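>>> Mind folding the following:
(one chain, ligands or ions: 1)
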Amino acid sequence: MMFTIVISNKESHAHVPMIPELKSLALKNMSSWMDELNDVSTPRKVPPLSLPIQQTKDDDRTLLLAGTDTSSGTMEWAMSLLLNHPEILKKAQAEIDGSIGQERLLEESDLSKLPYLHCIISETLRMYPAGPLLVPHESSEECIVGSYTIPRGTMLLVNIWAIQNDPKIWVDPTEFRPARMERIEGGRDGFKLMPFGSGRRGCPGESLGMRMVGLALGSLIQCFEWERVGEEMGDMEEGTGLTLPKAKPLLAKCTPRSTMLDLLSHLR
Ligand code: HEM
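This is a model prediction of the structure:
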C-alpha cells in the first residue's frame, strides 16, 4: 500500500489554503509529466546512451520544465516584493551602483560582489518557494520523522512553504526582510530554508537558477526605475499551480534611469 505524508508544521499548515489543491495538482501533473517523459514513441535526438551525461530529448524537456517557471516565477515574486518595499529596492540599486557603477552592464561574474541582491532572492524564495511541496519523494527504507514511523515505500511530500513561513522558526515570517538572510550560512541553516530541496534529489539547477534570477533581476534594477502602477500596495495573492504562481500577473511601471540612457541606447 502507498501512503502519502505531508511533512509540515500543523499550525502553519492551516495558513496555507492552496496546499490541498497544490498537492493534488502536483500529483496529477507529476504523473502526466512522467507519462510524457516515458513516452518512447517520440523520436530521440540521439540514440540510446553510451555515456550517462549524453543529452536526450527527454533530458532537455525535463530541464526546460524544471528550470523555466521556477526561475521566472521567482523573479516575478521578487520584483513584486521590491515594488511594495521601495526602500529595499533603493538599497539593492545602491549596492549595484557602488560595486559595478553605471558605465557597464551587470555581468554574471559580478554577482559574488552583490550579497544584498543574493539576500533579496533568498528571502523571496523563503516566502514564495517555487516548489512549495518539493517533488514527491519515496522512503527507500523505514525511517522516523519527528515521532512518526514512516514505512518503506511511502510517498513523502515536504511542505517547505510551511517550514519557511513558520512563526515558530522565523521571526515575523510574513515580513519581507532580506537582511535576515545575511546570518544564514550556506543558504540552508539546518533545513529551515530549502527552496531547492536537499540531498541527492535536491535541485541540480540551484546554482544556475540563482545566477539566472540574480543576473536578470540585477540588470532590471540597474537599468530602470521601478514603480507600482497605483498608490495601493501590489497584489501578493498566491495562485494555484505546481510552481506557486502569482494569482494575478505583476503590473509595474518602469523608466530607464537617466544615468543609464547612454549605455542602453548603444545596446544591440
Ligand atoms: C529559482 C529557480 C529554481 C528553483 C526554486 C528550483 C527548485 C527545485 C525544487 C524545490 C526541486 C525539488 C527538489 C527536491 O524535491 O528535493 C527541484 C528539482 C529539480 N530542478 Fe530545480 N529549481 C530551480 C531552477 C532549476 C533550473 C534552472 C534547472 C535546470 C536547468 C532545474 C532542474 C531541476 C531538476 C532536473 C530537478 C529534479 C531533480 C531530481 O528529481 O533528481 N531547476 N528544483
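>>> where exactly do the helices run in this structure?
Remark: helices assigned in the chain by DSSP state H are 10-13, 19-37, 57-84, 86-100, 115-127, 160-164, 206-223, 261-265.
>>> Reformat those helices as JSON lines; add mean pLDDT.
As requested, the helices of the chain are exported to JSON lines (pLDDT from 0 to 100):
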{"stretch": "helix 10-13", "mean pLDDT": "33"}
{"stretch": "helix 19-37", "mean pLDDT": "39"}
{"stretch": "helix 57-84", "mean pLDDT": "87"}
{"stretch": "helix 86-100", "mean pLDDT": "97"}
{"stretch": "helix 115-127", "mean pLDDT": "97"}
{"stretch": "helix 160-164", "mean pLDDT": "96"}
{"stretch": "helix 206-223", "mean pLDDT": "96"}
{"stretch": "helix 261-265", "mean pLDDT": "89"}
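>>> Take the ones you listed and write them to a markdown table, including mean neighbour count and distance to the ligand.
(Each C-beta comes from the backbone N, C-alpha and C, glycine too.) Shown next, in a markdown table, are those (neighbours: other CB atoms under 10 Å; distance: least, CB to the nearest ligand atom, whole Å):
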| stretch | mean neighbour count | distance to the ligand |
| --- | --- | --- |
| helix 10-13 | 13 | 18 |
| helix 19-37 | 14 | 10 |
| helix 57-84 | 18 | 3 |
| helix 86-100 | 16 | 17 |
| helix 115-127 | 22 | 6 |
| helix 160-164 | 24 | 7 |
| helix 206-223 | 19 | 3 |
| helix 261-265 | 12 | 26 |
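>>> Quick check: which of these is nearest to Cys143?
For Cys143, the closest of those is helix 160-164, at 17.8 Å, according to CB to CB.
>>> helices or strands up against the closest one?
Packing partners of helix 160-164 (3 or more CB pairs under 8 Å, 6 or more residues apart in numbering; DSSP states H and E): helix 10-13.
>>> Can you say which of the helices of the chain is nearest to Met233?
It's helix 57-84; of the helices of the chain, that one is closest to Met233 (CB to CB) at 5.2 Å.
>>> can you list the residues of the stretch 101-250 of the chain near the ligand?
The stretch 101-250 of the chain comes close to the ligand at residues 125, 130-131, 134-135, 195-198, 201-205, 208-209, 213, as judged by CB under 6 Å from any ligand atom.
>>> Now which of those would you call buried?
For those, a neighbour count by 16 or more other CB atoms under 10 Å gives the buried set as 125, 130-131, 134, 195-197, 203, 205, 209, 213.
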